[in-house]
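S.K.: model this:
(3 chains)
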Amino acid sequence: MARTGVFICHCGHNIASIVAVEEVVKFARTLPGVVVADHNLYSCSEEGLSAIKTSIKQNNLDRVVVAACTPRTHEPLFRKICEEAGINKYLFEFVNIREHCSWIHAKEPGPATEKAKRLVAMGVSKAALLEPQAETESSVTPTAVVIGGGLAGLTAAASLVAQDIDTHLVEQEGEIGGHLSRVSVLAPEFDESRKLLDSLMSGLAGSEKAHIHLRSKLKDVHGFVGNFEVTIDEHGKELKIPAGAILVATGAQEFQPVGEYGFGELQGTITQLDLEKMLSEGKAPNRTVFIQCVGSRQPGREYCSRICCNTSLKNALRILDLNPKAAVTIIHRDIMSYGTAWEELYRRASERGVRFLRYALANPTKVTRKDGSLLVEVYDETLAERINVEADVVVLATPMVSRENSGDVSKMLKVPRDKYGFFLEAHVKLRPVEFATDGVFICGSARWPSSAKEVMCQALAAAAKAAIPIKRGKVIIEAITAWADPDKCAACGNCVTACPYEAVEIATQDGKQIAKVNDAQCKGCGACVAACPNDAMQQRGFTTRQLGAMIDSLVKNALEAEQ
Amino acid sequence: MTEFEPTILAFCCNWCSYAGADLAGVSRLQMPPNVHIVRVMCSASVKPEYAIKAISQGIDGVLVLGCHIGDCHYMTGNHRTAKRFPVVQKLLEDVGIDKTRLRLDWVSAAEGEKFQKVVTEFVEDVKRLGPNPLKEVRF
Amino acid sequence: MHKDVGQSGGLAMKQKVVVIGGGIAGIQASLDIADLGYEVHLVERSPSIGGRMAQLDKTFPTNDCSMCILSPKMIMCAGHENIHLHTYSEVTGVTGKFPKLKVTVKHKARYINIARCTGCGDCVAKCPVKVMNEFEEGLSKRKAIYLPFPQAVPRKVTIDAEHCRMITEKKCGVCKKVCQAGAIDYEQKDEFVKIGAAAVVIATGFDLSDTSKLPQHGMGVCKDVVTSLQLERILSASGPTGGHLVRASDGMEPKKLAFVQCVGSRDAKAFRYCSSVCCMYATKEAILVREHVPDINSTIFYMDMRATGKGFQEFVLRAQANYGVRYIRSRPAIVQPAHGESGVLVTYETGGAASEQLTEEFDMLVVCPALVPSKGSVELAELMGARLGEDRFIMTPSLRNPVDSTKKGVLVCGFAGEPMDIPDSVAQASGVAARVAELLQEAG
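M.R.: This is a model prediction of the structure:
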């Protein structure tokens, strides 16, 4: 039989001016299992907490119910007090009689008091059925695996290594660098990518914590946060790497606009990376036309690839640096030079004579060859005029698109992608570098086309998130996870389907097939509980018996009052 | 004869509707004292059995409040709730209980006023329905 | 009174980091740095953490309720064993250099005993003084003793000394009489603490620029012109109008709403840069107003529609297709009152084939002002020894270390360094945490 202590809070005037606290205390004393009921002016104050601790010890309590404000504020505080007084912190129940009672029934003190009594009784009946819980601690392998050796992967790996974390970098090509090796100058500050690459590599090459695997591909992944087993194919050889965290930094690729604007047919129609090659060899065309949004911001691929306008601005200025008399025209639909430095680049380009013409999807631009030059016919929306521009080179600024093999990575890691194939983070606003699956992180253009600086910030962010469980050495799971009663479980699999986190699987235990919950993955939502037809699936702290007891309690106290 | 005061049980999810109820409280939005909240982590964990048990034992109305579709803290939970509750309502109907004694709605953590509205309306609706006929048939 | 925090060496003490600014960037940085095992001192000059995000109704492109996603992070900050909140506080001095910085923090007198205050609000109810409410962007009043907003963290009141009758005239004293916790202390003084920190993070966010300096856009001239942030408060269910979209002149629901982008931005005479987030938030607001007034029509006057993030372009397309939002590429020449005090007349050039000058009437107008580094950030940067750019954002010039300021050990995240939205601020804040860990590892 439980030995429950009930503590009703006055919260100054806030509860006590409406709810007759002492009446509730008297009522609480009549409830099953309640050995002591008391009240405090402010339960959360030093005095109040101290009084509760003393009462726990003096009365040998094994369950504590506090009726006060919302648990969302002070539940951790009272749980700590219970622990300090020697009671398992999961044997504590919080009843809200302020936000949910005194404050909203201010004109009906009588009914509010009766409701407070019923709420307290519900809390007491649940508390009686609470079980002590031990928080599961899962150990963490102090190793990180970074998939992708481009700017994102290198930055993340360099940071992890600098934090003294064992890191494996897995790169499918024969050399490190990804697009960083293919683009020689990075805007907006015109940094040399060679220097950046060397700097990142020097952080890695010198450290025994860094393990770089070239010509290597991800082959398989098992496990969960802290305890992954990553299998890679290192040019023919299979290698298994135990890891605590996995970072996806697989980047993106340039869309090849085959069939658009004569690409592939008309000589001189090239992509941004083709132009990059020319510029890095010191060759700048005399007459260049950039066409923006080729293959993006249109039906089928609605997104804006964020970096193309700024890349064209950078390259326009590089052309002019190499060839001051060059003619450069940028044909666009909007110029996406957001922020400070990009907007500055737009202004500089304009001041240096780059011509900007604006087109709309409704009036497409035409590119043909005429008399040995390329001829670009554009309808400018502002002037409402058709303008012809001759060019030696027409640069088709295309979007970054998801890599062809991102689907394989997605399947192996069981992480989602959006409709364009970019990886889908846990929460677009507040968890931009995490996946919903714990322990797996995302950064760089694999998530969304990003500038060099943005890629690096995201990579650092992913490194921080990966470092957290690794540095802690353990993952602590709040004990509100689910479990299946082996006697009732029929292994129907409803729970497996219901779980958004792949935390449940059907496994064999003692020769029987039952649902098994991986505590480390379980987020304590309880979706599996309601999906279970046999009452086998239960959630700690919210069991069917506990909630059922609350219903019984309400029925008893409310309906008895009616009679 | 005193006016019938319904007894109502509400399941509120920790992240949205419970927080919305808290905000209603903080904003001192007044409402009738008939509703008793049981806190759950997600509306998807509310078993049909709870609603059935409550109503079969004489509770006049059951309210299930979750996050708006698309905002579920556990991603897909409220989709399950949305699919599940019409079925429970049908069940009630089949045994002759007015299905509007069970109501499902979405209240976000910032919708104190909506919480007040839903509670006030539901209490009025259940009052109009009268006492749960199963009260006479206590098991 | 000076208190020294963390002076004594000895036992394996956690290294300390000071984070300046309690908005979403500062909160995220604090949480990650604390999770990595360091002791964080989060300094926020207003009475509560939360920053601009706490003022928003919803956030683009998902239209998530802003407070709903922010509040749990604020609570985590307050409850984290490694985070010490210093609210209503400012950094007044920094000496030393990485990794031994000495940061002086002034705890401004709140006239409240924090340990005793339970945030019950009895005092606020009785205070006789009404003052302009900063959180509500001047649209309503608060008391001289106040909680800045219902979900404030910490949930403690503050007495605004400038307007409190007891502090200024030795009259009144009602709050002390009604406080049952004995938390009112009129004798309280500013307190200074010195924190021995290994690194400092600047996350001081932004302010709206003063658009009354550009009267051609209507602010200060027409009654029915509001700023975008004021509109957020109007749309908020817990805001000054209870979430009812009404205009100031006559309380009428507007049916025709205009948004003017780039007010003061991309402007050689005001601020040359682009504030980055306004195209998106204007689109968001234009969508949201339909939820309040179903037959409202919005027009957005813009220069370039910068919707470059994930899901952003689709958001804009949806606004056009499903929410009747009209996008007009034009910078209005002038905004004037329409009828006496009510409504606005917007004069603009249409461009294109039928280029002409039009004057159109709207019921209400929203200016989207240039967003500037927050007040005091210039002085703070100087104090820190961190260089500012021409536009007064804190420079992070090294691409190799993208969150480092020019002063070693001083890091930057969020809007304080560059106009950016919430996801980018959060990512950069977490990035700062990694950098802190690297630096502190180096320092041993």
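
S.K.: Would you mind measuring from the residue of the stretch 451-563 of chain A found nearest chain B to A:Ala507?
M.R.: Distance from chain B to each residue of the stretch 451-563 of chain A (CB to the nearest CB) is smallest for A:Gly526, at 2.6 Å. In this view, the C-beta of every residue, glycine as well, is placed from N, C-alpha and C. To A:Ala507, A:Gly526 is 21 Å away according to CB to CB, to the nearest Å.

S.K.: Which of those two has more residues huddled nearby?
M.R.: A:Gly526 (31 against 12; other CB atoms under 10 Å in any protein chain shown).

S.K.: Quick check: closest non-adjacent residue to the more buried one.
M.R.: B:Ser45 (2.6 Å; CB to CB, 6 or more residues apart in numbering or on different chains).

S.K.: Let me see the contact set for that neighbour.
M.R.: The contact partners of B:Ser45, taken as CB atoms under 8 Å, 6 or more residues apart in numbering or on different chains, are A:525-527, A:529-530, A:539, A:542, B:77.

S.K.: what separates it from A:Cys525, distance-wise?
M.R.: B:Ser45 is 6 Å from A:Cys525, by CB to CB.

S.K.: what do you get for A:Glu131?
M.R.: For A:Glu131, the distance to A:Cys525 - CB to CB - is 20 Å.

S.K.: The two: who's more crowded?
M.R.: Between A:Glu131 and A:Cys525, counted using other CB under 10 Å, A:Cys525 has the larger neighbour count: 33 against 12.

S.K.: In chain C, what residue lies closest to chain B?
M.R.: C:Cys68 (3.8 Å).

S.K.: so that residue makes contact with B:Ser17?
M.R.: No - contact criterion CB atoms under 8 Å: C:Cys68 and B:Ser17 do not qualify, at 10.9 Å.

S.K.: Which stretches in the stretch 1-150 of chain A count as helices?
M.R.: Assigned by DSSP state H, counting those that start in this stretch, the helices in the stretch 1-150 of chain A fall at A:21-29, A:46-58, A:71-84, A:109-128.

S.K.: Would the third one count as contacting chain C?
M.R.: Yes - under the criterion of CB under 8 Å from any CB of the partner chain, chain C is reached by helix A:71-84 at A:72-73, A:76.

S.K.: Lowest pLDDT pick from those?
M.R.: Among those, A:Thr73 has the lowest pLDDT, at 77.

S.K.: Burial check on the closest residue to A:Ile468 other than its chain neighbours, number of neighbours?
M.R.: Nearest non-adjacent residue to A:Ile468, counting by CB to CB, 6+ apart: C:Asp35, 4.6 Å away. Here the count is done by other CB under 10 Å, and C:Asp35 has 22 residues near it.

S.K.: got a list of what C:Asp35 touches?
M.R.: Residues near C:Asp35 by CB under 8 Å, 6+ apart: A:468, A:472, C:82, C:433.

S.K.: Could I get the full set of strands for the stretch 51-200 of chain C?
M.R.: Taking DSSP state E, counting those that start in this stretch as the criterion, the stretch 51-200 of chain C contains strands spanning C:58-59, C:64-65, C:83-87, C:89-97, C:100-107, C:130-132, C:141-143, C:145-146, C:158-159, C:191-197, C:199-202.

S.K.: That should have said chain B, apologies.
M.R.: Here chain B has its strands, by DSSP state E, at B:8-13, B:35-40, B:61-66, B:102-106.

S.K.: follow-up on the earlier one: mark which of the residues of helix A:71-84 next to chain C are buried, thanks.
M.R.: Those of the residues of helix A:71-84 next to chain C that meet the buried threshold are A:72-73, by 16 or more other CB atoms under 10 Å in any protein chain shown.
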